[in-house]
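Enquirer: can't give you the sequence, but here's the structure:
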């Protein structure tokens, strides 16, 4: 029987799922981080560990790892020659290393055309139409990721200082932020000295909450973020028959705020990214009807 | 004869000027960095060195340092207890440690009321009316310094990526920027990984240049920056009899772009910051008519 592996990996860990030619999941496994850009050998080791676990979980001999075909979705696979180098290192019969957004899209949209918008600490988009892929954004916090939690949080801190200086009018939201930093703008500046995107992003849900309650500053920041997201979505020029899936930690907060045009074609993801990897592996490697091997 | 010292210090070095009770400069000296927040003892040492040089330059015994009164303008003097600690350490008869923006304002405006806007890699403002001071901005690159070279440069890089993704329309300016990074958006992202405010700021003059030639993206970025600066100036609510002085590396680029209201009260600085420190020392310590000591 043909068996395939789907693998979803990133900076915090990787997950593997073993499936038959029909896509039924037979076993699952987990492994450590898969940072292919910073530790290719370690990433390979952790991926293989997750794959072996999935084989054992399915009652298979882990030595049969050399007979399965795998699709891997990994952050950073679209940069440099990491894809080729990892494919050469992996012990599977066939390996296809893809960017993580590709398995997310496959999981979310299945066979439908459309686009995914991953709206979390950062933002990144991927569209697909008739087999053609179009990635957008994902350039990081400093000069990209518009509409992301990190950018919304950073905007809120900036706004709080503009209010402190009486350059802009304040609101309950900026009052709360200033209090949070002991009423001291220098404490806000101090915070930014070493703040990572996730540190800024922690404030984003609060901005959405206050905006929903009518807070003027919150509404201004959310309106800007929604406009940034829609400006990006506009590039895909989605048709009414295509699908839009919002993913990431802010998906639920953005969903009701997008214009009707986008709400009309919005669908929840069919599966998660790991499910997408499995589906890609089935399509790419498993023979119809199975049992040829 | 009463002698006074003016001292202007910051991260790159410090300058001292010795003057008589009429404010005539008798001698000058230079010393190393005066980073009072990171190296208070070293800053004190370098300040004293500059002061001794000024005494020697004026033909005075450097031992007479204990008989002169000094006004020092130092970056960071408005934070924590550095002002008091440094004043206690200095060997002068009387020492008055002030924030650097205060001696800049004194030098630029003399006895006039009004405001200074320091527009360089960062932005910071100080107003004075009837002896009352009003500082604005200066909160740094990440969440402040709107209209600064660093923010304009960062905006240009962001815009270049938005153009690359076809989210915004491009221009000659964004074409040049993309070429500068080998047509590769990842090179731009790489640049931002370790970029300091000054690294972003290097692109600001180019934005002004292209805006002046009618470049649409350049004009958009400059219009936003001018609006940010004017929004801050509005807080001072300057009257037609008050003065506005633009300082810093972008002063000359901003000057012709501000609205008529501000151009009408714009004056070149009367003196530099060191001259301001000397004037403050004369006003504070030197007896009218001199020669009482």
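Expert: On my side now, so go ahead. This is a predicted model, so every value here is computed, not measured.
Enquirer: Stretch A:148-165 near chain B at all?
Expert: Yes: part of stretch A:148-165 sits near chain B under the criterion C-beta under 8 Å from any C-beta of the partner chain, namely A:154, A:157, A:158, A:161, A:162, A:165. Just so you know, the C-beta spots here come from the backbone N, C-alpha and C atoms, and that holds for glycine as well.
Enquirer: So which of those is the closest to residue A:244?
Expert: residue A:154 (26.0 Å; C-beta to C-beta).
Enquirer: excluding its backbone neighbours, what's nearest the closest one?
Expert: residue A:200 (4.7 Å; C-beta to C-beta, 6 or more residues apart in numbering or on different chains).
Enquirer: Poorly predicted segments of chain A, please.
Expert: Scanning chain A for pLDDT under 70 picks out A:1, A:287-293.
Enquirer: What parts of it come near chain B?
Expert: A:79, A:136-137, A:139-140, A:142-144, A:146, A:154, A:157-158, A:161-162, A:165-168, A:185-186, A:188-189, A:192, A:195, A:231-232, A:234-235.
Enquirer: Give me the domain ranges for chain A.
Expert: Here the domain assignment for chain A is A:3-110+A:272-285, A:114-263, based on automatic domain parsing.
Enquirer: Tabulate those in JSON lines, adding columns for mean neighbour count and distance to residue B:212.
Expert: Below are the domains of chain A laid out as JSON lines (neighbours: other C-beta atoms under 10 Å in any protein chain shown; distance: least, C-beta to C-beta, whole Å):
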{"stretch": "domain A:3-110+A:272-285", "mean neighbour count": "20", "distance to residue B:212": "38"}
{"stretch": "domain A:114-263", "mean neighbour count": "19", "distance to residue B:212": "24"}
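Enquirer: Show me the helices in the stretch 101-250 of chain A, by range?
Expert: Secondary structure of the stretch 101-250 of chain A (DSSP state H, counting those that start in this stretch): helices located at A:149-164, A:172-180, A:185-194, A:197-201, A:204-212, A:216-236.
Enquirer: So for residue B:119, which of those sits nearest?
Expert: helix A:149-164 (17.0 Å).
Enquirer: Secondary structure class of residue A:30, three-state.
Expert: strand (DSSP: H, G, I helix; E, B strand; the rest coil).
Enquirer: what's the distance between it and residue A:97?
Expert: 19 Å (C-beta to C-beta, to the nearest Å).
Enquirer: hmm, back to that, return the residues in contact with the residue nearest to residue A:154.
Expert: Residues in contact with residue A:200 (C-beta atoms under 8 Å, 6 or more residues apart in numbering or on different chains) are A:141, A:149, A:150, A:151, A:152, A:153, A:154, A:157.
Enquirer: I'd assumed residue A:203 was in contact with the fifth one.
Expert: Pointing back at residue A:152 there. Yes: counting by C-beta atoms under 8 Å, residue A:152 does reach residue A:203; the two are 7.3 Å apart.
Enquirer: Skipping its backbone neighbours, what lies nearest residue A:3 in space?
Expert: Spatial nearest neighbour of residue A:3, excluding adjacent residues (C-beta to C-beta, 6+ apart): residue A:68 at 4.8 Å.
Enquirer: ok, the one you found - contacts?
Expert: So residue A:68 contacts A:3, A:4, A:5, A:18, A:51, A:55, A:92, A:93 (C-beta under 8 Å, 6+ apart).
Enquirer: let's see it at 7 Å
Expert: A:3, A:4, A:5, A:92, A:93 (C-beta atoms under 7 Å, 6 or more residues apart in numbering or on different chains).
Enquirer: which one of the residues you listed sits closest to chain B?
Expert: residue A:92 (28.4 Å; C-beta to the nearest C-beta).
Enquirer: Is that closest one located within a helix, as I assumed?
Expert: No: Residue A:92 is assigned coil when assessed by three-state DSSP, not a helix.
Enquirer: so it makes contact with residue A:70?
Expert: Yes: in this structure, residue A:92 is within contact of residue A:70 by C-beta atoms under 7 Å, at 4.4 Å.
Enquirer: which residues are in contact with both of these two?
Expert: Common contacts of residue A:92 and residue A:70, defined by C-beta under 7 Å, 6+ apart, comprise residue A:5.
Enquirer: Which secondary structure state does residue A:27 sit in?
Expert: Assigned by three-state DSSP, the conformation of residue A:27 is strand.
Enquirer: Tell me if I'm right that it and residue A:58 touch.
Expert: Yes: here residue A:27 lies in contact with residue A:58, judged by C-beta under 7 Å, at a distance of 2.9 Å.
Enquirer: does residue A:95 count as helix, strand or coil?
Expert: strand.
Enquirer: residues in contact with it?
Expert: Counting by C-beta under 7 Å, 6+ apart, the residues that residue A:95 touches are A:70, A:72, A:87.
Enquirer: what does residue A:231 give?
Expert: residue B:167.
Enquirer: swap in residue A:159?
Expert: By C-beta under 7 Å, 6+ apart, the neighbours of residue A:159 are A:168, A:174, A:217, A:221.
Enquirer: Just the closest of those to chain B, please.
Expert: Distances from chain B to the contacts of residue A:159, taken by C-beta to the nearest C-beta, are shortest for residue A:168, at 7.9 Å.
Enquirer: And the closest one, how far from residue B:146?
Expert: 11 Å.
Enquirer: again, but for residue A:14
Expert: 42 Å.
Enquirer: before we move on, what about residue A:240?
Expert: When residue A:240 is compared with residue B:146 (using C-beta to C-beta), they lie 41 Å apart.
Enquirer: Equivalent analysis for residue A:263, please.
Expert: In terms of C-beta to C-beta, residue A:263 sits 34 Å off from residue B:146.
Enquirer: How about residue A:235?
Expert: In this view, residue A:235 and residue B:146 are 28 Å apart by C-beta to C-beta.
Enquirer: can you tell me which residues contact the most centrally placed residue in chain A?
Expert: With distances taken as C-alpha atoms, centre = their mean, residue A:118 lies nearest the centre of chain A, 5.0 Å away. Contact partners of residue A:118, counting by C-beta under 7 Å, 6+ apart, are A:101, A:104, A:124, A:247, A:248.
Enquirer: Contact partners for the nearest residue to the second one once chain neighbours are set aside?
Expert: The one in question is residue A:104. In space, and not counting its chain neighbours, residue A:104 is closest to residue A:273: 4.4 Å by C-beta to C-beta, 6+ apart. By C-beta under 7 Å, 6+ apart, the residues touching residue A:273 are A:8, A:73, A:100, A:103, A:104, A:107.
Enquirer: Report the two of those separated the most.
Expert: Those two in the contacts of residue A:273 that are separated most widely, counting by C-beta to C-beta, are A:100 and A:107, at 10.7 Å.
Enquirer: I'd like to know how far residue A:113 sits from residue B:119.
Expert: From residue A:113 across to residue B:119, the span is 49 Å (C-beta to C-beta).
Enquirer: whoops, I mixed them up, residue A:131
Expert: 51 Å.
Enquirer: Likewise for residue A:24?
Expert: Between residue A:24 and residue B:119 the computed distance is 65 Å (C-beta to C-beta).
Enquirer: ok, residue A:107 touching residue A:280?
Expert: No: assessed by C-beta under 7 Å, residue A:107 is found out of contact with residue A:280, at 9.0 Å.
Enquirer: Would you mind pulling up the elements that the helix or strand where residue A:45 lies packs against?
Expert: For residue A:45, the host element (DSSP states H and E) is helix A:40-57. In terms of contacts (3 or more C-beta pairs under 7 Å, 6 or more residues apart in numbering or on different chains; DSSP states H and E), helix A:40-57 is packed against strand A:3-10, strand A:13-20, strand A:25-31, helix A:82-89.
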